[in-house]
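J.: Sequence and predicted structure, then a few things I'm wondering about:
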Amino acid sequence: MNRNHTNGKSDTDWEYERLSMVEDQLRKRGISDERVLHVMGKVPRHLFVPPESSNRAYTDGPLPLGEGQTVSQPYMVALMTQCLELTGAEKILEIGTGSGYQSAILMELVRELYTVERVHALAERAEQQLVTLGYHRFHLRVADGTQGWPEEAPFDGIIVTAGAPAVPDTLLNQLHENGTLVIPVGTRYSQKLCKCTKRGNTYRREEDTMCVFVPLVGEYGWEDE
Ligand code: SAH
């Protein structure tokens, strides 16, 4: 079994696969934010997945991450990031650090990233990998992310990369006016991607794409099974 990430491929080979992913899986399916497309073509996804899966890093699907968790499908990472409509000035909260791949994508596009992961082993691995790749502008903590990060609120955007039974009020309350929360909402096995925008005391909610995420486990999420 292959135990290292290079898998006999050169950086140019990986880049070719990555740019093909951007064209075939993202642009053709309607991802149109050029900044998002650019960073999806830049961040080395193969270095965030377990070595035995690196040969599938740029294929069109989620990949196992260990601890029963998954690295989201590239299209879903791009779509959720695009939903945040980032300009570069934002302070963002991410719930579900996982591999750190989505965190790296966000850090390329925002001012400051706060990220929360409940599984200690994953948080540690993600932090190490991000630092190795030169990412430093992030704050990571091991906690129940359904509580948000109250000391650092409000945020311009919050992205939840695990599926919730309902939109947690705790997170909506930690948004700035006009801030956006992107979160998969539904059952444990299938969800719809939900985009909530804060408008005064209410929220505008849009839902469309079907998706399948691992459960968001916590006080305002699912119970641990
Ligand atoms: N964004 C990740 C996807 C990881 S899968 C990536 O790009 O790799 C979802 C992650 O959410 C898992 O790592 C899981 O442990 C985490 N998670 C689930 N419930 C959580 C909670 N309440 N708080 C923080 N993290 C949570």
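T.: On my side now, so go ahead.

J.: how about the lengthiest helix in the chain: buried residues?
T.: The residue-count maximum for a helix in the chain (DSSP state H) belongs to helix 120-132. Within helix 120-132, the residues scored as buried using 16 or more other CB atoms under 10 Å are 122-123, 125-127, 129-130. Every C-beta, even on glycine, is put in place using the N, C-alpha and C of the backbone.

J.: same question, stretch 29-49
T.: Neighbour-count burial for stretch 29-49 [16+ other CB under 10 Å]: 31, 33, 36-37, 39-40, 43-49.

J.: what's the answer for stretch 205-212, then?
T.: Buried residues in stretch 205-212, counted by 16+ other CB under 10 Å: 211-212.

J.: Do any residues in it lie close to the ligand?
T.: No - using CB under 6 Å from any ligand atom, stretch 205-212 stays clear of the ligand, with a minimum separation of 11.1 Å.

J.: Based on its surroundings, how many neighbours for the closest residue to Asp224 other than its chain neighbours?
T.: Distances taken as CB to CB, 6 or more residues apart in numbering place Val217 nearest to Asp224, at 5.1 Å, with adjacent residues excluded. The local packing of Val217 (other CB atoms under 10 Å) involves 19 other residues.

J.: Roughly how far does Val217 sit from Gly68?
T.: Between Val217 and Gly68 the computed distance is 10 Å (CB to CB, to the nearest Å).

J.: same check, this time on Gly145
T.: 17 Å.

J.: These two: who's more crowded?
T.: Shown here are Gly145 and Gly68; by other CB under 10 Å, Gly145 has more neighbours (30 against 9).

J.: returning to what we had before: just the buried residues of stretch 29-49 now: which is nearest the ligand?
T.: Relative to the ligand, the closest of the buried residues of stretch 29-49 is Phe48; by CB to the nearest ligand atom it sits at 6.6 Å.

J.: My guess is the closest one contacts Val71. True?
T.: Yes - Phe48 lies in contact with Val71 (CB atoms under 8 Å); the separation is 6.4 Å.

J.: what is in contact with these two at once?
T.: Common neighbours of Phe48 and Val71 are listed as 99, 101 (criterion: CB atoms under 8 Å, 6 or more residues apart in numbering).

J.: Near the closest residue to Glu90 other than its chain neighbours, how many other residues are there?
T.: Take Glu90 and drop its neighbours on the chain: the residue closest to it by CB to CB, 6+ apart is Asp156, 3.9 Å away. By other CB under 10 Å, 22 other residues sit near Asp156.
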